[in-house]
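**Q** Need coordinates for the following:
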Amino acid sequence: MRVVLDACVLYPSVLREILIDVAARGAFTPLWSARILAEWQRAAARLGTPGEAIASGEIAALRARWRDAEIATDPTIEARLWLPDPADVHVLATAIAGGAARIVTLNMRDFPQRELAADGITAQSPDDFLMECWLDLPDVVEAAVRAAHRRTEDLSGRDQNLRALLKRAKLPRLGKALA
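**A** Numbers count the residues shown, from 1 in each chain. The predicted structure is shown next:
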C-alpha cells in the first residue's frame, strides 16, 4: 500500500521514526513530495539553526533510503482540486500522482473524505493508521515502537514511560494498546 506522509507527521521525531520504521519493515510504501519535505524543514527551522540542520540531514537520509518515495506533481492535477485549506492541495495532488491509497495526517479537517473519495484516497490520523497496521502486523509495529522508545531513552538519558511518550507523539490509542 502506498501512503503519503504529510509534513505534520514527519516533523515530530518519535512519530516520524515509528512511521518510517514500520514502512522499512514492509507494512507500507511511504510517499512525499519535495514540497512536503520543505514544509518539514521550515517547521524545524523555527527551532533555530540546529533544528534546520538536523532536519536537512534527516531529509537527505530519507531521500537516499527511499529513492522512489519523492513524487513530482503535475500542476494540472492541483488546478482541478479543492480542499478547505488551499495550502494542502499539493498533498492530495501528491497522493494522486503517486497512486497512494492513503494520506496520513494530523490535519483531518483539511482532508474531507468527500473530496478524496473521487480519487479513491482516504485520509487517516497517524494513530488510526498505526493501529490498523498493528492489528494486521503486530510484530512490525511493536518492533518499530520499541526502537523509537529506546532511541528516545538513549537521547534523553532517562527512562521514558511508553504510554506517555506515544501520547506526546499523537498516538494515544496505540500507546494504550501497547502499554
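**Q** Could you check how many residues crowd around Ser56?
**A** Number of residues near Ser56 (other Cβ atoms under 10 Å) recorded here: 14. For every residue, glycine as well, the C-beta is placed using N, CA and C.
**Q** Likewise for Gly120?
**A** Taking other Cβ under 10 Å as the neighbour definition, Gly120 ends up with a count of 11.
**Q** How about it: what's its closest non-neighbour residue?
**A** Spatially, and ignoring its direct neighbours in sequence, Gly120 is nearest to Ala101 (7.1 Å; Cβ to Cβ, 6 or more residues apart in numbering).
**Q** Then Trp82?
**A** If you skip the residues right next to it in sequence, Trp82 has Glu115 as its closest partner in space, 6.4 Å away by Cβ to Cβ, 6+ apart.
**Q** again, but for Asp74
**A** Counting by Cβ to Cβ, 6+ apart, Ala97 is the residue found nearest to Asp74 once chain neighbours are left out, at 6.3 Å.
**Q** Okay, that neighbour and Asp88: tell me how far apart.
**A** The span separating Ala97 from Asp88 equals 15 Å under the rule Cβ to Cβ, to the nearest Å.
**Q** In terms of neighbours, single out the busier of these two.
**A** Under the criterion of other Cβ under 10 Å, the comparison of Ala97 against Asp88 puts Asp88 first, with 20 against 17.
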